[in-house]
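Engineer: here is my input, please return the structure:
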Amino acid sequence: MTAEPGHQPTGPIDGSGTSRAFCVLAPNPSIMTLDGTNTWLISEPGSPAVVVVDPGPDDESHLQRVRTVVAGRDQRIATIVLTHRHEDHSGGARRLAGLTGAPVLAVDPAQRLGSEGLAPGDVLTDGGCELRVIATPGHTSDSVSLQVPADGAVLTGDTVLGRGTTVIGTDGDLADYLDSVRRLRALAEETSLRALLPGHGPMLPDVLGTLDYYLAHRAERLAEVQAALAAGDRTLAQVVARVYTDVDPALWPFAEWSVRAQLEYLRGQGELPDAQA
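Structural biologist: Numbers count the residues shown, from 1 in each chain. Prediction:
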């Protein structure tokens, strides 16, 4: 989900990807989901099985299309994986599991079907290639990213988007989020990542540039929030009206989520005015 204009890459989404990752775009475009949710099919070329990452909303036409695409590749769905609990990513998981018999793996136990969860460092191989789990909480407390080492790529869910920047959800945390983006940046430097495959929007080939933008943008927003507080703003609505002038006002209620997260972050750093402490 996005509430910020940010960087604006363009390019095809449906059918995009890498040698081992293929995007099936869900038909749920909105102001918060951009073009729709990216459902990713992960498999080694020639593998009889595929891992489905984020089946998207509970939309029968989309789920049937995912099955058709997989069948057209002479594959079967072995495992379903969720990057986080939000309905635009997870809503169709139970239905797809019912159609295919595949388990659903997730950090959140309430989202799982089967006994297995996801933990940092886990390696999934059901698609014939490695899919490594990276803890990237912040957008939500249960967010993960998934590295495809053979392609030099990472599926980022809503931690990094193809356009704009992500909202810190009501169950998210800005300090965790910043740590997660830094973790992805360190991975990018260590392993020469070539692509970020987001949960919404087009894939991102400029990995370091994108992650540096995300960190710089958050630092700028925090400085703007501090300036708004210094100017006397105290309510979430007041801060949003001053700081988010470059954002569609229809998104301001969601921007309040980010401001709340920014205030909690500043409070944790001991950087709020006395009246806000």
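
Engineer: mind listing the helices for the stretch 151-277 of the chain?
Structural biologist: Under the criterion DSSP state H, counting those that start in this stretch, the stretch 151-277 of the chain contains helices at 174-191, 207-230, 236-243, 252-268.

Engineer: packing partners for the host helix or strand of V70?
Structural biologist: Element membership for V70 (DSSP states H and E) is helix 60-72. When contacts are defined as 3 or more Cβ pairs under 8 Å, 6 or more residues apart in numbering; DSSP states H and E, helix 60-72 packs onto strand 21-25, strand 38-42, strand 49-53, strand 76-81, helix 93-100. Any C-beta I mention is one placed from the backbone N, CA and C, and that applies to glycine too.

Engineer: which other residues reach it?
Structural biologist: Contact with helix 60-72 is made by 22, 24, 26-28, 39, 41, 50, 52, 55-56, 76-77, 92, 95-96, 99-100, as judged by Cβ atoms under 8 Å, 6 or more residues apart in numbering.

Engineer: please redo it, this time with the cut-off set to 6 Å
Structural biologist: 24, 26, 39, 50, 56, 77, 92, 95-96 (Cβ atoms under 6 Å, 6 or more residues apart in numbering).

Engineer: ok, and the closest non-adjacent residue to S192?
Structural biologist: G152 (6.3 Å; Cβ to Cβ, 6 or more residues apart in numbering).

Engineer: quick check: phi and psi at the one you found.
Structural biologist: Backbone geometry at G152, expressed as degrees, to the nearest 10, gives phi 60, psi 40.

Engineer: just give me the neighbour total for it.
Structural biologist: A count of neighbours around G152, defined by other Cβ atoms under 10 Å, yields 15.

Engineer: wait, doesn't it sit right on R194?
Structural biologist: Yes: here G152 reaches R194: they are 3.8 Å apart, a contact under Cβ atoms under 6 Å.

Engineer: any chance of the helices and strands packed on helix 60-72 in CSV with mean neighbour count as columns?
Structural biologist: Converted to CSV, the helices and strands packed on helix 60-72 look like this (neighbours: other Cβ atoms under 10 Å):
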stretch, mean neighbour count
strand 21-25, 23
strand 38-42, 28
strand 49-53, 26
strand 76-81, 23
helix 93-100, 18
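
Engineer: ok, back up a step: what residues sit buried inside the helix holding V70?
Structural biologist: Neighbour counts over helix 60-72 (16 or more other Cβ atoms under 10 Å) mark 62-63, 65-67, 69-70 as buried.

Engineer: stretch 233-243 too?
Structural biologist: 233, 236, 239-240, 242-243.

Engineer: nearest to D88 among the residues you listed?
Structural biologist: For these, the residue nearest D88 by Cβ to Cβ is V240; the value is 22.8 Å.

Engineer: wait, Q111 touches H86, no?
Structural biologist: No: in terms of Cβ under 6 Å, Q111 does not count as a neighbour of H86; the distance is 10.1 Å.

Engineer: okay, those two: which has more neighbours?
Structural biologist: More neighbours surround H86 than the other of Q111 and H86, with 24 against 19 (other Cβ under 10 Å).
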